[in-house]
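A.B. asks: Show me the folded form of this:
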Amino acid sequence: MSTLALKIDVDTWRGTREGVPRLVELLQRHRAGATFLFSLGPDHTGRAIRRVFRPGFLSKVSRTSVLEHYGLRTLLYGTVLPGPDIGRRAAATLRAVRDAGFEVGVHCWDHIRWQDHVAGLDAAWTRREMERARDRFSDIFGETPRVHGAAGWQMNDAAYALERELGFAYASDGRGSGPFQPVDANGRPFGVPQLPSTLPTLDELIGMDGLTPDNVHAHLLALTADPPAQGHVYTLHAELEGMKLLPTFERLLDGWTAQGYQLVSTGEQFARLDPFALPHCRVSMGEIPGRSGVLSLQGAAV
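C.D. replies: The predicted structure is shown next:
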């Protein structure tokens, strides 16, 4: 049976508090596995206003109703309002996800800071951010995290190397076509195996080519009609599929089940792989349709 791994990025305090419990309940009803990746430090979503100067950002905002999905209060955190410390205030909620049988891992410490700055900063800055997130995860769960999934699919070479040093078993940091082992500029393997997201996200699709919350599931189901040998990874967001787009996500779950997929965590999908047989690929920063800016992309095998 082909697998489709569900990777849930939890970016904000509101998404943690409201979206995560709704997703847990829905996934349990559908007997679906999933991996929840948590932002563990302060919610500074309001600082994303700096992206207004990024090409394509205003177009994406107008298509996806950011205010409707995130709420005014969230969009003021880190500017007019202090950012809530998600990991400290929601530790019980996070542990409840693990106790419900779902895989949990690290998304980041500060989502906005990582997404907006990591690609251009050095190894020392990257280490501080990753160690903060790792340590907070360990404080909450009493164990070290096994999986890392970068905020905004933003990475640098130091971050890939640190994943192995900090004890991660695998990661899902970028976009691509299937599992791979990242290599450096000299073709040497570094970091940990990657399970990139293989499908577009709802916020990349809605508002494009007549796609709406009511019909976008049909577009995605057409993309998954022919299962790849090593399965798909679909990234969803607690702030979107866990809230206003919950009915859309439920239609996807029904559709994927009808297509014969086993809905699993990224950890379950990783456990089925032979890490030593993965293709070796470089990673680079590039653009994809429907998303502003650049992000980490799987390159050709070397």
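A.B. asks: Now residue 8, what are its backbone angles?
C.D. replies: Main-chain torsions, residue 8, degrees, to the nearest 10: phi -110, psi 110.
A.B. asks: same deal with residue 124?
C.D. replies: Torsion angles, degrees, to the nearest 10, at residue 124: phi -70, psi -40.
A.B. asks: Repeat that for residue 281.
C.D. replies: phi -130, psi 140.
A.B. asks: same check, this time on residue 189
C.D. replies: Torsion angles, degrees, to the nearest 10, at residue 189: phi -60, psi 140.
A.B. asks: Just give the number of residues close to it.
C.D. replies: 13 (other Cβ atoms under 10 Å). In this view, the C-beta of every residue, glycine as well, is placed from N, C-alpha and C.
A.B. asks: and it, how far is that from residue 167?
C.D. replies: Residue 189 sits 17 Å away from residue 167, going by Cβ to Cβ, to the nearest Å.
A.B. asks: again with residue 201
C.D. replies: From residue 201 to residue 167 the distance is 28 Å (Cβ to Cβ).
A.B. asks: Which one of these two is surrounded by more residues?
C.D. replies: A direct count of neighbours by other Cβ under 10 Å for residue 201 and residue 167 places residue 201 higher, at 21 against 14.
A.B. asks: doesn't residue 241 make contact with the more buried one?
C.D. replies: No. Between residue 201 and residue 241 there is no contact under Cβ atoms under 8 Å: 9.2 Å.
A.B. asks: Okay, now the unreliable bits of the stretch 51-200 of the chain?
C.D. replies: 51-78, 80 (pLDDT under 70).
A.B. asks: Strands of the stretch 51-200 of the chain, residue ranges please.
C.D. replies: 103-108, 147-148, 170-171, 181-182 (DSSP state E, counting those that start in this stretch).
A.B. asks: looking at the ones you listed, which is buried most?
C.D. replies: strand 147-148 (a mean of 28; mean count of other Cβ atoms under 10 Å).
A.B. asks: Show me what that strand is packed against.
C.D. replies: Counting contacts by 3 or more Cβ pairs under 8 Å, 6 or more residues apart in numbering; DSSP states H and E, strand 147-148 packs against strand 35-39, strand 103-108, strand 170-171.
A.B. asks: what's near enough to touch residue 96?
C.D. replies: 21, 24 (Cβ atoms under 8 Å, 6 or more residues apart in numbering).
A.B. asks: mind checking how far residue 129 is from residue 219?
C.D. replies: 35 Å.
A.B. asks: Give me the more crowded residue out of these two.
C.D. replies: residue 129 (21 against 16).
A.B. asks: My guess is that one contacts residue 111. True?
C.D. replies: No. Using Cβ under 8 Å, residue 129 makes no contact with residue 111, being 10.7 Å away.
A.B. asks: Which residue ranges of the protein form helices?
C.D. replies: 13-14, 20-29, 57-64, 66-70, 86-89, 91-99, 111-117, 123-141, 157-165, 202-205, 216-223, 246-258, 266-271 (DSSP state H).
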